[in-house]
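> Any chance you can model this:
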Amino acid sequence: QVQLVESGGGLVQAGGSLRLSCVASGTIFSINTMGWYRQAPGKQRERVASITSGGSTNYADSVKGRFTISRDSAKNTVYLQMNSLKPEDTAVYYCNVDGYSTVVDFTGRPRPFGSWGQGTQVTVSS
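Purely as a prediction, here's the structure:
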């Protein structure tokens with residue numbers, strides 16, 4: 001199994017900054033894409049940002065220019081630096097990681113995995 005542990009959420013005033021971290025551990029052979037999603041009350045979960053193993057990044061239009069995703073592959077960790085926060089950024093932020101496990105299938109190939117973190121609350125006050 002692959003476990004994800006997020007940290008860094010909290011309460012901040014509009015215009016402030018927070019940095020989220022997510023560490024993956026467990027039966028990991030390799031990690032492909034690491035990403036952050038968020039879910040506000042009464043809304044669907046949405047993708048915020050993602051980063052591939054090659055370092056390519058993708059951002060939601062609503063956070064472009066304000067948020068930066070990065071990863072430390074040696075530590076199986078992904079970060080989300082959030083600047084110029086707005087009240088509409090208030091949500092529970094979830095880490096998502098996919099890759100291949102050290103558990104193999106009947107052919108001997110690593111099994112793919114996809115895991116979610118437990119979520120961390122980010123609240124931006126106006």
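> C-alpha from now on. contacts and neighbour counts both.
OK.
> Point out where this structure drops to low pLDDT.
Along the chain, no part satisfies pLDDT under 70.
> how about 90 then?
105 (pLDDT under 90).
> I'd like to know how far Asn58 sits from Ile69.
Asn58 sits 9 Å away from Ile69, going by C-alpha to C-alpha, to the nearest Å.
> the more surrounded of the two?
Taking neighbours as other C-alpha atoms under 10 Å, Asn58 and Ile69 compare with Ile69 leading, 24 against 16.
> The more buried one contacts Ala49, doesn't it?
Yes. With contact defined as C-alpha atoms under 8 Å, Ile69 reaches Ala49; the gap is 6.5 Å.
> which residues are common contacts for these two?
Thr57 (C-alpha atoms under 8 Å, 6 or more residues apart in numbering).
> now Cys95, nearest residue through space, not along the chain?
Trp36 (4.7 Å; C-alpha to C-alpha, 6 or more residues apart in numbering).
> what are the ranges of the strands in the protein?
Using DSSP state E, the strands found in the chain span residues 2-7, 10-13, 18-26, 28-39, 46-51, 57-59, 67-72, 77-82, 91-104, 110-116, 120-125.
> Parallel or antiparallel, which strands does the fourth one pair with?
Using DSSP bridges, the neighbouring strands of strand 28-39 in the sheet come out as strand 46-51 (antiparallel), strand 91-104 (antiparallel).
> Mind putting those strands into TSV with distance to Gly117 and mean neighbour count?
Output for those, formatted as TSV (distance: least, C-alpha to C-alpha, whole Å; neighbours: other C-alpha atoms under 10 Å):
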stretch	distance to Gly117	mean neighbour count
strand 46-51	14	21
strand 91-104	5	21
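> For Gln1, find the nearest of these.
Gln1 lies closest, by C-alpha to C-alpha, to one member of these: strand 91-104, at 7.9 Å.
> Now do the closest one against strand 120-125: the angle between them, please.
160 degrees (axes from the mean of the first three to the mean of the last three C-alpha atoms, to 10 degrees).
> This completes my enquiry, with thanks.
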